[in-house]
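*Asks:* Starting from these lines, generate the structure:
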Amino acid sequence: MNATAGPADRRSVAFPGGAALEGEDGVWVLAESDPERSLGPALTIAWRAAGEGVAVNVVVDNAAAAGLLARRASQFAAPPAVWLVRGTGLERAEPAQVPLAPPLDPRVAPFADLLTAAGADPIVEHGRLVGEVNGLEVARVVVDEHGPHVEVGVGRFDREAHTLVSAGKPTEQTLREVVDLVRRYRSDDGDAHPLKLLAASRWLRSRVLHDPSLVSADHLAPLAPTVEAPDLRTPWPAPASGVDTDGRPVVVVCSVGVDLDLVPAAADVRLVAFPEGGARLLLAIPARDAHPVTRVLAAALAQPAEIVTVD
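*Replies:* Got it, this is the predicted structure:
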């Protein structure tokens, strides 16, 4: 299906990372930069420009991004339309299939005990086993031509450096040293430190996983986001799933900072984890980050999300 040109009487609306027009046929947003994360910002810009209830159209030129956005858009009570650029025309995007989680190599599983013994939390996401300290990855179990082994360090470059510097030292000793160092600086006490700035949403998730009562849950386990974070510095939602204190299934998505795409990303996680529906969706955020736009977007879902503040 091709979109018609529509009325010519339109006005330009500022949209970072692209462009937007508002007219009688609603708001049209062209998402060029980071299109996978554009749905929340597009809805925010549209509603600010024309108010709630306006028709929202998101245009992208990436087929994978279009399918992802269409799937996320389907979770809203009034779904925005997602269009894919095809030559000189537009084609209505179909929702992408729910992705299957890659399996964990069975040879990796025993390393969870090594991570735990060193004081790290073993986390499985995107087919990988990593060790975290207060939500920050300090080790990763890698499988290569030499078989499974642990690489120690915060991020890829730090792991490579540790591989060179710690050659000949027992992995267990190196891992404990890194765990102790990160735990010393990545704490609520003490002075500011760069280690406090990385993966803040995962730090909040770590707190919630260790104390589910913070979000009125009985039990929670880590859950992978549907789109993997590009690095440790980029703010990214950190999900978990389990049951609440009433025994109902629940998905909790932790976030730090005002993330305009939090609600679409969180709704996508719930869809993937519970495709048949029925699960509560909780957005766990610091009180200072409970922005009005997050509340508006949370209420606009077909199954509205609830906001829980965790300081």
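*Asks:* Which stretches in the stretch 151-300 of the chain count as strands?
*Replies:* 217-222, 238-244, 249-254, 280-285 (DSSP state E, counting those that start in this stretch).
*Asks:* Save these as CSV, and put in mean neighbour count, distance to residue 132 and mean pLDDT too.
*Replies:* Glycine gets a C-beta too; all of them are placed from N, C-alpha and C. Formatted as CSV, the strands of the stretch 151-300 of the chain follow (neighbours: other CB atoms under 10 Å; distance: least, CB to CB, whole Å; pLDDT from 0 to 100):
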stretch, mean neighbour count, distance to residue 132, mean pLDDT
strand 217-222, 18, 9, 97
strand 238-244, 22, 10, 98
strand 249-254, 26, 13, 98
strand 280-285, 24, 17, 98
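*Asks:* Serialize these to CSV and add fields for distance to residue 70.
*Replies:* Listed next are the strands of the stretch 151-300 of the chain as CSV, based on distance: least, CB to CB, whole Å:
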stretch, distance to residue 70
strand 217-222, 27
strand 238-244, 21
strand 249-254, 20
strand 280-285, 19
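*Asks:* Out of these, which gets nearest to residue 140?
*Replies:* Nearest of those to residue 140, taken as CB to CB: strand 217-222 at 14.9 Å.
*Asks:* Show me what that closest one is packed up against.
*Replies:* Judged by 3 or more CB pairs under 8 Å, 6 or more residues apart in numbering; DSSP states H and E, strand 217-222 is in contact with strand 121-125, helix 200-210, strand 238-244, strand 249-254.
*Asks:* Now do the contacts for residue 280.
*Replies:* Contact analysis of residue 280 by CB atoms under 8 Å, 6 or more residues apart in numbering lists 244, 248, 249, 250, 251, 306.
*Asks:* how does it look with 7 Å?
*Replies:* For residue 280, the contact set (CB atoms under 7 Å, 6 or more residues apart in numbering) comprises 244, 248, 250, 306.
*Asks:* And the helices in this protein?
*Replies:* Read by DSSP state H, the chain holds these helices, from start to end of the chain: 39-50, 63-73, 111-117, 156-165, 171-185, 200-210, 262-273, 292-299.
*Asks:* Which of those helices has the lowest mean pLDDT?
*Replies:* Sorting the helices of the chain by mean pLDDT places helix 156-165 lowest, at a mean of 64.
*Asks:* For burial, what's the neighbour tally of the closest residue to residue 13 other than its chain neighbours?
*Replies:* Closest residue to residue 13 apart from its sequence neighbours, by CB to CB, 6 or more residues apart in numbering: residue 20 at 4.0 Å. Look at residue 20: counted by other CB atoms under 10 Å, it has 25 neighbours.
*Asks:* Identify the residues contacting residue 20.
*Replies:* Applying CB under 7 Å, 6+ apart, the residues near residue 20 are 13, 27, 28, 29, 45.
*Asks:* quick check: longest strand of the chain.
*Replies:* For the chain, the strand with the greatest residue count under DSSP state E is strand 136-144.
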